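**Q** fold the following for me, if possible:
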Amino acid sequence: MRYSDYTSIAIILFIFLTGCREESPKTPASDAVPEAVTIEKDTIPEESEPEEEPFILTEDNAIDFFFDYQKGLKENKVRLTTSMGSFTVQLYDNVPYHKANFIFLTKQGYYDMTMFHRVVKNFIIQGGNADNKETADKRRKLGRYLLPPDTRKGYRHHRGTISMPSSEIDNPHMLASPYEFFIVVTKPGSYHLDGNYTPFGRVIEGMDVVDEINNQPVDDGDWPSQNIYILKAEIIE
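**A** Numbering: from 1, shown residues only. From the prediction side, this is the model:
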């Protein structure tokens, strides 16, 4: 082969190899695919479930509520521990709404740290109220309602009877104020109350404590001169 032939072949190879070494065009930065960003679990907002509205007793739902609540309710004894000692009441099974109401409020802790706010010598002690914000808050959360009287079960206001006062507000039918109760200390009883108020239980232990509370000095409005607290009310049977 002649020298000129070798020269031609070399030139052709040089041109071919030079074209193969041209770099491919780079992808512009703006077109680059972004890398996945790792998100910490705590930074992901969680969907909050809607809060259930609290159940509040009213004039419209209280009877239905306590009708259902008293079904199968076997507890009927409550111990009230006061700042002057403790006593126990037994509730009547056949006065279902008033019994269920008292058990329900006891389980809700309503009576804890309320007071015996009315004491009438040789007549009654009345509890379940207090002139403090805590008691008002409890009532607001539980609801505003009254209970119908249940006076035809044959129970009378003997000494030691626990009964429920009627509401003083627009109440021609003597509906009961559910948060308060009174206990008769009169011997042998205060029978003029029969037919107007609902006896729903009786003191079976600690009547001496009830008498001691009744003997405390009071002001002109029958409020004890020294506060008498219900420290705790609890179901015992």
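**Q** flag the helix or strand of the protein with the lowest per-element mean pLDDT.
**A** helix 3-20 (a mean of 46; mean pLDDT, DSSP states H and E).
**Q** from the chain's centroid, how far away is the following helix or strand past that one?
**A** As assigned by DSSP states H and E, the chain's next helix or strand after helix 3-20 is helix 62-69. Centroid displacement of helix 62-69 relative to its chain, using Cα atoms, centre = their mean, to the nearest Å, is 16 Å.
**Q** got it, and stretch 112-120?
**A** 22 Å.
**Q** report the central residue of this protein.
**A** The structure's the chain has its C-alpha centroid closest to Q108; by Cα atoms, centre = their mean the separation is 5.9 Å.
**Q** show me where the protein has helices.
**A** 3-20, 62-69, 96-107, 133-142, 207-214 (DSSP state H).
**Q** export the fourth one to CSV, keeping only CA atoms.
**A** The reference is to helix 133-142. Provided in CSV are the C-alpha atoms of helix 133-142 (Å, rounded to 0.1, in the frame of the first residue of the first chain):
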residue,chain,number,x,y,z
LYS,A,133,-68.0,28.3,92.2
GLU,A,134,-67.2,24.6,92.1
THR,A,135,-70.7,23.6,93.0
ALA,A,136,-72.2,26.0,90.4
ASP,A,137,-69.8,24.6,87.8
LYS,A,138,-70.9,21.0,88.6
ARG,A,139,-74.5,21.9,88.1
ARG,A,140,-73.8,23.7,84.9
LYS,A,141,-72.0,20.6,83.5
LEU,A,142,-74.7,18.2,84.6
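**Q** tell me what angle it forms with helix 96-107.
**A** If you take axes from the mean of the first three to the mean of the last three Cα atoms, to 10 degrees, helix 133-142 sits at 130 degrees to helix 96-107.
**Q** quick one: low-confidence parts of this protein?
**A** Where the chain drops to pLDDT under 70, the residues are 1-51, 168-173.
**Q** wait, doesn't E237 sit right on E75?
**A** Yes - E237 lies in contact with E75 (Cβ atoms under 8 Å); the separation is 6.4 Å. (Glycine included, C-beta is placed from N, CA and C.)
**Q** so the two - more neighbours on which side?
**A** Legend: neighbour count by other Cβ atoms under 10 Å for E237 and E75, higher for E75 (14 against 10).
**Q** need phi/psi at the more buried one.
**A** phi -60, psi 140 (degrees, to the nearest 10).
**Q** residue contacts, it?
**A** Applying Cβ atoms under 8 Å, 6 or more residues apart in numbering to E75 gives the contacts I103, I235, E237.
**Q** let's go with 6 Å and repeat that
**A** I103, I235 (Cβ atoms under 6 Å, 6 or more residues apart in numbering).
**Q** separation between it and L146?
**A** Distance of E75 to L146, computed by Cβ to Cβ, to the nearest Å: 23 Å.
**Q** ok, G109 next?
**A** In this view, G109 and L146 are 21 Å apart by Cβ to Cβ.
**Q** which of these two has more neighbours?
**A** L146 (18 against 12).
**Q** quick check: that one touching L175?
**A** Yes - at 3.8 Å, L146 and L175 qualify as touching, with contact defined as Cβ atoms under 6 Å.
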